[in-house]
Every structure is written in C-alpha cells, then in structure tokens.
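Asker: what follows is a predicted protein model with its sequence.
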Amino acid sequence: MKNRVTKTCALCLCAALAVGTTGGAVLAFTGNKEKTEVVNEVETPVLAVPETTGETTAATKDETVYVFSGADGAVQKVIVSDWLKNKVGQEKLNDNSRLTDVVNIKGKEGSTVGDNGSRIWDADGRDICYQGNIDSELPVDMKVSYKLDGVSIAPEDLKGKSGKVTIRFDYENKQYETMKIGENEEKIYVPFAVVTGLILDNETFSNIEVSNGKLINDGTRTIVAGIAFPGLQESLHINSEKLVVPSFVEVTADTKSFSLGMTLSLATNSLFNEIDTSLFDSFSNPAALLTQLSDVVNQLADGSSKIHDGLSTLLDKSTELVEGGNALSDGAKSVKNGASQLDGGIGQLQDGAASLAEGLNTLTANNDALNGGAKQVFDSMLATAQSQLTTAGLAVPNLTIENYASVLDSVIETLTSHIADGQAAQTVAAVKAQLDNYNTFYTGLQNYTAGVAQAAGGATQLKDGAAELKNGSAALSTGAEELSAGIDKMKAGLPVLIIGVTQLRNGAEALANGLNEFNEKGVEKITGFVDGDMVGLLQRVKATIDASKNYSNFSGISDQMDGQVKFIYRTAEIGD
C-alpha cells in the first residue's frame, strides 16, 4: 500500500523530470540542452497515450482533437474525431457534443439531435466513429516564435536564410479548477503533458540542441522530441530556484537556406488519470516518498511504453481523417461545378431580361400615340352620329364616349314606343351597334397599352434583379472555387499528417530511455526539492490528479460515459 501511495505522490515531480539522458548527455529541466549525437540506427520509439482502465460505464468516448495552425501556432482550424466504444453492444448510444457538421466516418448509423447538444446514435450494437468542427477555446495554447542570430523574425521571413536559428514552442495552460488547499482557494491546472516533435534535415541544420527533450540522428535527419508540463509549476507551488518544470521547448541550430516541415505536438492528461487519489487520505509518512522515487521512475518508464500503442491508435485515426478529407473534397467539387452552372444560367437570364425590357420600353413609348389616335377616331364617329341624328330631326344631348350608349338607347325606345317609327329606330340601333363595336376595340386598346406599360416596369425590375443576382452568383462561383481549392490543399496535407504522426511516434523512444537513466541521476534533485512543506505538496498533487480525472473531453460528453481526450497540434511548413 505504501509503495503505491509513494509512487502516486511523486508522480507529478517525476513527470516533470521525465526526460532522461542517453549517450552521456544530461537532460534536466534547468536549462540543459542535448547536442546532436549520431546513432547507427533508429529503433521504434514510444510516445504513450495510455488508455484509461477501470471504466464502469457501458460506453466510453475516445476523443482526438486535431488543431491545424500557422507556422507561428495561430489556430486556423480545429477538427474533432470521436470514437464511441460500445462495450456492451447497446442498441442506442446517448452522446453529448457541441460539434457542428457532424459526419459518421466509419458507418451509416444515423443519430437524433436533441436539446443542449444531446444526440442519440442508432448504434445497433456497434461502435460509432464521427468527426465535426468546433469553435471553442483550446485548453492549451501553443505559440511558436523564431529568432535568427538572436533577433526575432517572422516565420515567413526565415525561408532561405542562414545563421543561428532558435525555434521556441511556448505552451499556456488555460484549463483549471479552483480547489481548496489548506485554508486557501487556489487554481489547480489540468496536468497536460505536451510532447513536440519535428524532423530536421542534416543538410539544412547542424549543431542541433533541444531543451527538455531528446535528439535522434540517423545521419540524414535529426528527430527532435521535447516535453513540457504547462501549469504544473503553478499547481504544485514549486520553487523555481530549486526546480523548473518546463512550459516550453526550445530548439537551436545552425542553418543554411532555412526551411522547415510541419511540426506535431501531442497534449494529453492521460498520464495522471489512473492514480487512485483515495490512497492519499490514509498516507501518514510523507518522508517515505524519497526512498521510493526509484520505483516511481520505473513505473513511469513502464507507463511511457504504452505511448507507442497510443500513437499507433492515433495513426489509425489519422487514416480516418484522410478518408473524411477525400469525401469533403468530392463534395466541394460538386458545389463548385453547381455554382459555375448556376452563374452561367443566371448570365443568360440577365441577357434575356435586358432584351425583354428594351422591347417593352419601345412598345410603351408608342402607348400615348395609340391611345390618342383611337380617341380621335371615337370622337369623330360620335360627331358623325350626332350630325345624323340632328339631320333626322332628333334633338339629343352631345354624345360622348361615356354617355352615347344610354343616350342612343333612350332615342331607340322613344322612336319605338312613342313615335312608332320602326325604320328610324333600326337606323339608330345600327349606329349604336357600330359605336359599341368600336368601343370594344377602344377599351381593349387601353387595356393593352396599360398592360404593356406594367410589363415594361416589371421587365425593368427583372433586369435590375437579374444583374444583382448575377453579381451574387459570380461571387458564389468564385467562393466555391476557392473553397474547393482550399479543401484540396488540406486534403493534400493530410497524408503528410500521417507521415508526421509516424515520425513523431518513431522519434519519441528517447523519452522512455531517458526515464530509465533518470532513475540513477534524478533522485538527488527531487530529494533536495521536497524538503519543505510535504503536506501542502501532497494536497496539491492530489488536487492536480483530481483535476486531471475531471477533464475527460473537449467537445462534450454524456453523463453516462467515461472518456479521454488528446490534442494534436500541427503547424504549417516554412519554405518548400
């Protein structure tokens, strides 16, 4: 029991000193650097993300967060990949996630979305693998800065330059809980271990050194792996004069015609999650920690051997990301083609609308002449009828377009009923019939010219609207082309991501080797450090482990699930 508790208490301290030494070069977190040392061959290294054991739920969520950033570490895109492990073959999996644009990348199982991010997957006994996007603050920020001959320089300005170059990765831990330590409330940060790896071409770089890390040189390339624990110094209240827990990795080298491929960084809190903190409550002999440090380092070395398995799993998940990228690229091409066809069709609509508006405006210009001429003819016919009636001795009011019908009907009735002059009545009826026929034409002409004017106005609006629509469709087509090109570029970079993960996995074995040697060279440093407030240290170590166990996801998780999460940061290349 005491052995287990001792290992638990010293784990944070040992993890902070977990980079050992090889080839006689001492690695510690007080600023020492390891120089390049050529080895005969590169064996398969390890970089562990141990899987949480002792799970009590029917399903677990294994989450990987891919962070794509510029060469300076500025985040450009975040993609989250989730693996719901259906351990007992449930028909339904109750999930919770803040992801958008969710895509099932392994199967065709569907899901039902509820309130507050809840989602029920129709698992039918199977695991679910899906991915999506998220716009949330990352728990660990990474910034990359560069210097050439001691002077700060933008990454894009480094391409092709020569001199003494410094590449520094700074990590800021933003994920913390407020916990009671003794009588005080203190910030306790989730204990992330961040491992950063990069590959340097020996024709471009020489005299390579790295702080808080290891180097492996196969004669052609140098694999650089560094480790940091941002926030751990603050959580444990470690005196920096006695021990510095690194929150950065710094690489220096001489360079000729500088260029740099992508870098990869893995951030995980899994190292701390299997420790049983209940053992701290009954532990009564803190001094025993010092005699058990060697055992603790051996335990860490055993745990770090699992990192290779973890990165192998990560490599498989990266393959899924490539498959998703291919599907995304195909969809973007379909959008681009459809937008181009839409733009062409709207161009034809615009031309037709312009022609239609021009023709209708020409017709409208003749409306007044047509209506005026028709009225003149109508007035002439009415005057002729008026003259004929007067000559026949019939006194009638002046005939107008509005009253002729009622006036003539009255005359016809008078001739028929009172004067009994049937011949005269027929003559008047014939005149009225001619006027009625022309009135029908006259009314139709007015309706026609009014319709032409209205159509001309509508055609003008259609022409203007088509022009605006054309501008929008052109912008849509251009945007779709840029989207497709950007996704193709991302797709082209995904295989490189797999290569980088493989290289990072292969380059990290030196960390595990260093742990073994630290068993001999690190105990005295820790012994000198822990001669102060052991009770307070134990409380902070316990609180740090509790904070780690409480942080099991980034995008959301159901109360019915256990989970674990890791973050992969990829920076852009500089130069070719």
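Answerer: Good, I have the coordinates. All of these numbers come straight from a predicted model, not from anything done at the bench.

Asker: the chain: helices as residue ranges?
Answerer: Here the chain has its helices, by DSSP state H, at 2-16, 155-158, 232-236, 288-291, 293-304, 306-365, 367-391, 404-417, 422-507, 509-521, 523-529, 534-550.

Asker: which one of those lies nearest to residue 172?
Answerer: helix 232-236 (11.2 Å; C-beta to C-beta). The C-beta positions use only the backbone N, C-alpha and C, and glycine is treated the same way.

Asker: gap between the closest one and the chain center?
Answerer: Its chain's C-alpha centre and that of helix 232-236 lie 32 Å apart, by C-alpha atoms, centre = their mean, to the nearest Å.

Asker: still on that earlier bit, which one of the helices of the chain lies nearest to residue 94?
Answerer: Closest among those, once you apply C-beta to C-beta, is helix 534-550, at 20.3 Å.

Asker: the strands in the stretch 51-200 of the chain, which residues?
Answerer: 59-69, 75-86, 92-96, 100-104, 111-113, 118-122, 128-133, 140-148, 151-152, 163-173, 176-181, 184-189, 193-201 (DSSP state E, counting those that start in this stretch).

Asker: circling back to that earlier point, just send the helices of the chain back as TSV, with mean neighbour count too.
Answerer: Shown next, in TSV, are the helices of the chain (neighbours: other C-beta atoms under 10 Å):
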stretch	mean neighbour count
helix 2-16	22
helix 155-158	17
helix 232-236	22
helix 288-291	17
helix 293-304	20
helix 306-365	16
helix 367-391	14
helix 404-417	16
helix 422-507	16
helix 509-521	22
helix 523-529	15
helix 534-550	20
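
Asker: now these as TSV including mean pLDDT and distance to residue 76?
Answerer: Output for the helices of the chain, formatted as TSV (pLDDT from 0 to 100; distance: least, C-beta to C-beta, whole Å):
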stretch	mean pLDDT	distance to residue 76
helix 2-16	37	31
helix 155-158	96	14
helix 232-236	92	28
helix 288-291	55	44
helix 293-304	62	31
helix 306-365	73	15
helix 367-391	81	61
helix 404-417	81	81
helix 422-507	76	10
helix 509-521	62	28
helix 523-529	55	40
helix 534-550	86	28
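
Asker: now the ones you listed in a markdown table, with distance to residue 149?
Answerer: A markdown table is the format used below for the helices of the chain (distance: least, C-beta to C-beta, whole Å):
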| stretch | distance to residue 149 |
| --- | --- |
| helix 2-16 | 32 |
| helix 155-158 | 11 |
| helix 232-236 | 30 |
| helix 288-291 | 45 |
| helix 293-304 | 37 |
| helix 306-365 | 36 |
| helix 367-391 | 82 |
| helix 404-417 | 105 |
| helix 422-507 | 27 |
| helix 509-521 | 29 |
| helix 523-529 | 33 |
| helix 534-550 | 40 |
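
Asker: residue 127 is nearest to which of those?
Answerer: Nearest of the helices of the chain to residue 127, taken as C-beta to C-beta: helix 306-365 at 12.0 Å.

Asker: the strands of the stretch 51-200 of the chain: which one's closest to residue 422?
Answerer: Nearest to residue 422 among the strands of the stretch 51-200 of the chain is strand 111-113; the distance by C-beta to C-beta comes to 87.8 Å.

Asker: indicate each strand paired with the closest one and its parallel or antiparallel sense.
Answerer: Sheet pairing here is set by DSSP bridges, and for strand 111-113 it gives strand 118-122 (antiparallel).

Asker: what sits up against the strand it pairs with?
Answerer: Contacts to strand 118-122, defined as C-beta atoms under 8 Å, 6 or more residues apart in numbering, come from residues 84, 91-97, 102, 109-114, 128, 558.

Asker: could you export the strands of the stretch 51-200 of the chain as a markdown table, including mean pLDDT?
Answerer: Listed next are those as a markdown table, based on pLDDT from 0 to 100:
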| stretch | mean pLDDT |
| --- | --- |
| strand 59-69 | 95 |
| strand 75-86 | 95 |
| strand 92-96 | 93 |
| strand 100-104 | 94 |
| strand 111-113 | 91 |
| strand 118-122 | 93 |
| strand 128-133 | 95 |
| strand 140-148 | 97 |
| strand 151-152 | 97 |
| strand 163-173 | 98 |
| strand 176-181 | 93 |
| strand 184-189 | 93 |
| strand 193-201 | 95 |
